[in-house]
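J.: model this:
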Amino acid sequence: MVPQPPPPATVAPQLLGDMRETHSDWVRLGTLTLLRWIAIVGQTGTIVVATWILGIQLDVWLCGLAVGLSALTNALAMTLFPASRRLSEQETLLLLIFDTAQLAFLIGITGGLNNPFALMILAPATITATALRGRSTAVVGTLAVALVTLVWQVHLPLVAADGTLIQVPPLFGFGQYLALVIGIVFLSHYARRVASELHSMASALMATQMALAREQRLTVLGGVVAAAAHELGTPLATIKLISSEMAQDLADPEAREDARTIVEQADRCRDILRGMGQAGKDDAMVRAAPLSDVLREAAEPHAQRGKALHMPVPLPTEREPFVQRRPEIIHALRNVIQNATDFARGNVWIDAEWTADQLRLTISDDGPGFPSGVIGRIGDPFMRGRQSDAEASRRPGYDGMGLGLFIAKTLLERSGAQMSFANGGDPFLSESERPVRSGAIVTIRWPRHAIEVEHFVPLGENPQVTA
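T.: Residues are numbered from 1 along each chain as shown. Reported below is the predicted structural model:
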């Protein structure tokens with residue numbers, strides 16, 4: 001038997017897990033140092049304008065200490081490490097903690113929350129939420145809220161050139177404090193959610209591309225093996241014929257036995273090549289096939305898993321549509337059938353219908369159906385908190401991401417299809433009241449012109465073979 005590669009549904013969760021581990025290493029040192037230089041230039045310019053042009057009485061030495069310490073840290077980082085260095089989670093977190101503390105100190109010595117630039121304290125928390133994990137976001141966000149609270153209560157006054165104290169009314173100051181605290185919490189959570197979805201989508205799309213490339217390689221490999229089987233068929237037949245005649249003519253029993261062994265080994269080579277060539281054919285069937293054949297090829301890996309697969313009955317070729325036999329379509333259908341087989345109690349139904357304009361596939365099962373809480377998000381690479389022990393034992397290698405259906409939905413939509421998801425029965429019904437097809441129902445619709453192959457000729461003329 002030819003060894004089969006691991007199912008893509010068990011490989012993809014591992015791939016996404018590896019990608020999630022590397023998300024925190026996406027921040028370059030050069031990016032943070034550039035942003036900090038921009039902040040240093042802005043802080044220096046603001047201090048110069050406020051002191052020399054507006055005449056505001058600031059403690060220039062303390063302001064210079066705060067800005068100079070930031071510039072010194074930046075210069076040391078650029079000197080000791082290359083700008084292309086990818087920072088670890090802890091390194092990025094320490095830099096952003098320093099930026100938060102430096103901003104809070106600078107705001108505290110320039111009027112506290114009376115300083116209109118106090119809103120800049122939002123920047124480090126937002127960057128943390130975008131680039132780092134939730135724990136790091138919580139650390140920087142909590143620190144920012146604590147420092148804003150401290151600066152609200154303890155700060156140096158902001159004094160104009162004529163000695164007038166510049167401060168907002170107490171009620172407005174309290175509102176400014178609440179606005180900053182709410183802004184830190186809201187923007188951190190907002191940025192975290194958006195960045196997490198972007199990371200999940202990027203990882204899932206990459207996993208989709210890898211799964212598609214894998215399916216294409218297997219399809220090409222099947223065609224190569226089929227061609228090799230075709231080319232080797234004649235010499236194997238010749239070896240078998242000659243060795244059979246030798247076995248009949250030889251008088252020596254040992255020589256006769258050797259000749260029979262050659263016959264057996266030639267038959268074995270033929271069977272091996274025939275088995276390896278089942279995945280591909282050196283004819284037009286590589287590119288198109290009857291609909292029932294495509295469905296059977298997609299369902300074949302799950303036919304021996306203890307669940308009954310009810311397939312459509314093949315029709316005469318003049319009535320059954322010929323569809324594109326593309327790797328992405330077969331891979332996507334295989335993922336949907338695998339999902340149905342995993343959750344079915346004992347039966348999976350694959351139905352095909354078509355009209356003059358549309359081709360529709362329905363894949364249903366008798367399992368528990370889609371969870372009501374996630375049915376609206378099916379097709380997205382969402383994350384689920386954890387699996388139950390029973391589900392983990394039934395579906396080893398899965399991480400509850402919805403990645404298989406995401407890959408299937410993405411690939412099928414690229415082929416022009418539309419997918420819809422539903423449940424066949426109410427989960428609150430008793431066993432006697434539930435319909436036969438009470439589980440998940442996945443419906444796939446194509447416009448016939450998007451998938452059908454017209455004027456299809458399965459086999460071309462065999463080329464003449466000359467000695």
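J.: so who does Lys307 touch?
T.: 341, 344, 346-348 (C-beta atoms under 8 Å, 6 or more residues apart in numbering). Backbone N, C-alpha and C define where each C-beta goes, glycine included.
J.: Reformat those as a markdown table; add secondary structure, neighbour count and pLDDT.
T.: Below are the contacts of Lys307 laid out as a markdown table (DSSP: H, G, I helix; E, B strand; the rest coil; neighbours: other C-beta atoms under 10 Å; pLDDT from 0 to 100):
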| residue | secondary structure | neighbour count | pLDDT |
| --- | --- | --- | --- |
| Thr341 | helix | 22 | 89 |
| Ala344 | coil | 23 | 88 |
| Gly346 | coil | 10 | 88 |
| Asn347 | strand | 18 | 89 |
| Val348 | strand | 29 | 91 |
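J.: where do the strands sit along the stretch 251-400 of the chain?
T.: Under the criterion DSSP state E, counting those that start in this stretch, the stretch 251-400 of the chain contains strands at 288-290, 308-310, 322-324, 347-354, 358-365.
J.: So in that sheet, which strands flank the first one, and in what orientation?
T.: On the basis of DSSP bridges, the sheet neighbours of strand 288-290 come out as strand 322-324 (antiparallel).
J.: Please state the offset of the strand it pairs with from the chain centre?
T.: 28 Å (C-alpha atoms, centre = their mean, to the nearest Å).
J.: now the helices: where do they sit in the protein?
T.: Ranges of helices within the chain are 8-22, 29-48, 60-80, 89-108, 122-131, 134-153, 170-249, 253-276, 291-299, 327-343, 389-394, 403-414, 448-451, based on DSSP state H.
J.: Using CSV, list the CA coordinates for the fifth one.
T.: Spelled out, it's helix 122-131. This file holds the C-alpha atoms of helix 122-131, laid out as CSV (Å, rounded to 0.1, in the frame of the first residue of the first chain):
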residue,chain,number,x,y,z
LEU,A,122,-2.3,56.4,24.7
ALA,A,123,0.3,55.6,22.1
PRO,A,124,2.4,52.9,24.0
ALA,A,125,-0.6,51.0,25.2
THR,A,126,-2.1,50.9,21.6
ILE,A,127,1.2,49.7,20.1
THR,A,128,1.4,47.0,22.7
ALA,A,129,-2.1,45.8,22.0
THR,A,130,-1.3,45.7,18.3
ALA,A,131,2.1,43.9,18.5
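J.: which residues are contacting that helix?
T.: Helix 122-131 is contacted by residues 24, 26-27, 35, 39, 92-93, 96-97, 99-100, 103, 136-137, 139-141, 144, 180, 183-184, 187-192, 194-195 when judged by C-beta under 8 Å, 6+ apart.
J.: quick revisit: export the strands of the stretch 251-400 of the chain to TSV and tack on distance to Ser420?
T.: Shown next, in TSV, are the strands of the stretch 251-400 of the chain (distance: least, C-beta to C-beta, whole Å):
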stretch	distance to Ser420
strand 288-290	25
strand 308-310	20
strand 322-324	20
strand 347-354	14
strand 358-365	10
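J.: domain ranges for the protein?
T.: Taking automatic domain parsing as the criterion, the chain consists of the domains 8-209, 221-279, 284-451.
J.: re the thing from before, looking at the strands of the stretch 251-400 of the chain, which is closest to Met120?
T.: Shortest distance between Met120 and the strands of the stretch 251-400 of the chain, using C-beta to C-beta, is found for strand 358-365: 54.0 Å.
J.: export the closest one as CSV, just CAs?
T.: Listed next in CSV are the C-alpha coordinates belonging to strand 358-365 (Å, rounded to 0.1, in the frame of the first residue of the first chain):
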residue,chain,number,x,y,z
GLN,A,358,-27.0,26.1,-11.2
LEU,A,359,-25.2,23.1,-9.7
ARG,A,360,-25.9,22.4,-6.0
LEU,A,361,-24.2,20.0,-3.5
THR,A,362,-25.6,19.3,-0.1
ILE,A,363,-23.5,17.5,2.6
SER,A,364,-25.4,16.5,5.7
ASP,A,365,-25.0,14.2,8.6
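J.: Show me what it is packed up against.
T.: Packing partners of strand 358-365 (3 or more C-beta pairs under 8 Å, 6 or more residues apart in numbering; DSSP states H and E): helix 327-343, strand 347-354, strand 440-447, helix 448-451.
J.: So which of the ones you listed has the densest surroundings on average?
T.: With neighbours taken as mean count of other C-beta atoms under 10 Å, these reach their highest mean count in helix 327-343, at a mean of 23.
J.: and it with helix 403-414, angle?
T.: Relative orientation of helix 327-343 versus helix 403-414 (axes from the mean of the first three to the mean of the last three C-alpha atoms, to 10 degrees): 150 degrees.
J.: Sketch out the low-pLDDT regions of this protein for me.
T.: 1-26, 200-231, 233, 274-286, 314-318, 380-403, 426-433, 455-467 (pLDDT under 70).
J.: And for it, the residue most distant from the center?
T.: Ala251 (67.4 Å; C-alpha atoms, centre = their mean).
J.: measure that residue to Ala259 for me?
T.: Ala251 sits at a distance of 12 Å from Ala259 (criterion: C-beta to C-beta, to the nearest Å).
J.: before we move on, what about Leu106?
T.: Remark: distance between Leu106 and Ala259 (C-beta to C-beta) = 94 Å.
J.: and if you look at Asp357?
T.: Distance, Asp357 to Ala259, using C-beta to C-beta: 62 Å.
J.: out of the two, which sits in the more crowded spot?
T.: Neighbour count, other C-beta atoms under 10 Å: between Asp357 and Ala259, Ala259 has more, with 19 against 8.
J.: Look up how far Met246 lies from the more buried one.
T.: Distance, Ala259 to Met246, using C-beta to C-beta: 4 Å.
J.: For stretch 128-137, buried residues please.
T.: Judged by neighbour count (16 or more other C-beta atoms under 10 Å), stretch 128-137 contains these buried residues: 128-133, 136-137.
J.: Pull the contacting residues for the closest residue to Ala101 other than its chain neighbours.
T.: The spatially closest residue to Ala101, leaving aside those adjacent along the chain, is Leu147, at 6.9 Å (C-beta to C-beta, 6 or more residues apart in numbering). Leu147 makes contacts with 100-101, 104, 121, as judged by C-beta under 8 Å, 6+ apart.
J.: repeat for Gln102
T.: Counting by C-beta under 8 Å, 6+ apart, Gln102 makes contact with 66, 69-70.
J.: what's the distance between it and Gly173?
T.: 23 Å.
J.: how many neighbours does Gly45 have?
T.: Using other C-beta under 10 Å, the number of residues around Gly45 comes to 10.
J.: ok, back up a step: possible to save the contacts of Lys307 as TSV with distance to Val442?
T.: TSV is the format used below for these (distance: C-beta to C-beta, whole Å):
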residue	distance to Val442
Thr341	12
Ala344	12
Gly346	18
Asn347	15
Val348	11
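J.: which one of the residues you listed is nearest Phe406?
T.: Proximity of these to Phe406 (C-beta to C-beta) peaks at Thr341, which lies at 18.0 Å.
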